[in-house]
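Participant: A predicted structure for the sequence below; I have some questions about it.
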Amino acid sequence: NAGVTQTPKFQVLKTGQSMTLQCAQDMNHNSMYWYRQDPGMGLRLIYYSASEGTTDKGEVPNGYNVSRLNKREFSLRLESAAPSQTSVYFCASSRTVNTEAFFGQGTRLTVV
Amino acid sequence: QKEVEQNSGPLSVPEGAIASLNCTYSDRGSQSFFWYRQYSGKSPELIMFIYSNGDKEDGRFTAQLNKASQYVSLLIRDSQPSDSATYLCAVASGGSYIPTFGRGTSLIVHP
């Protein structure tokens, strides 16, 4: 049982480049999330999808876009990467929005 | 702005002692409360969740919720060095009910 799978695990981008982080879950969860984690800042919500077909902004959405491709997959896109987007990104999923979330293994992104 | 506050620590306890981790939250309409453990370089993993006032026990872990005082605690009995990690509190508040995370408390259990 894979749970939540994120790709890639590591990525280095140059300023201005674009990339998409992929996330898939096999737990038949309705809700999916993208967080970023910076030292001393805890987990901050970027975007979430409460259910298939919906997406909403979280606390720090600027510079990001998301797509809920289907019930299993939720991708995060950086259109023009900036050094301020250097962070560890976690995808998570839960049965519904106020139930326990399960996290992927994270993507460590460095923008130079 | 819904806030979840945790002391960043580190909290240092000897092996075998009880570790007490605390979390306060600002939204009185909060419904669901979660504790996650995160080892360095790893992703958060769920330890416990609690929805109702009072205590919930699972093995060496006890979550305590007091909605009137707006705090939730995690007690770890018989602490082990393997419990050394950062513990994240998350609270799902009214409105979107999306959990908001605190910044975490670093726990060190020394032999």
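Facilitator: In hand now; what should we look at?

Participant: chain A contacts on chain B?
Facilitator: B:8, B:31-32, B:34, B:42-46, B:49, B:88, B:90, B:92, B:96-104 (C-beta under 8 Å from any C-beta of the partner chain). C-beta here means a position set from N, CA and C on the backbone, and glycine is covered the same way.

Participant: now which of those would you call buried?
Facilitator: Buried by 16 or more other C-beta atoms under 10 Å in any protein chain shown: B:32, B:34, B:43-44, B:46, B:49, B:88, B:90, B:92, B:96-104, out of the residues of chain B next to chain A.

Participant: which residues of chain B fall in helices?
Facilitator: For chain B, helices defined by DSSP state H do not occur.

Participant: tell me the pLDDT at residue B:21?
Facilitator: The model reports residue B:21 with a pLDDT of 97.

Participant: kindly apply the preceding question to residue A:97 instead.
Facilitator: 88.

Participant: I'd like to know how many residues surround the residue nearest to residue A:107 when sequence neighbours are not counted.
Facilitator: Sequence neighbours aside, residue A:89 is the residue nearest to residue A:107 in space, at 4.6 Å (criterion: C-beta to C-beta, 6 or more residues apart in numbering or on different chains). The local packing of residue A:89 (other C-beta atoms under 10 Å in any protein chain shown) involves 22 other residues.

Participant: give the contact list for the spatially most central residue of chain A.
Facilitator: Note on chain A: the residue nearest the mean C-alpha position is residue A:34, at 2.9 Å, using C-alpha atoms, centre = their mean. Counting by C-beta atoms under 8 Å, 6 or more residues apart in numbering or on different chains, residue A:34 makes contact with A:21, A:23, A:45-48, A:58, A:64, A:66, A:74, A:76, A:89-92.

Participant: one more time with 10 Å, if that's ok
Facilitator: Taking C-beta atoms under 10 Å, 6 or more residues apart in numbering or on different chains, we find residue A:34 in contact with A:6, A:21, A:23, A:44-49, A:55, A:58, A:60-61, A:64, A:66, A:74-76, A:89-92, A:104, A:107.

Participant: pLDDT score for it?
Facilitator: The model's pLDDT for residue A:34 equals 98.

Participant: cool, residue B:94 as well?
Facilitator: Reported pLDDT for residue B:94: 69.
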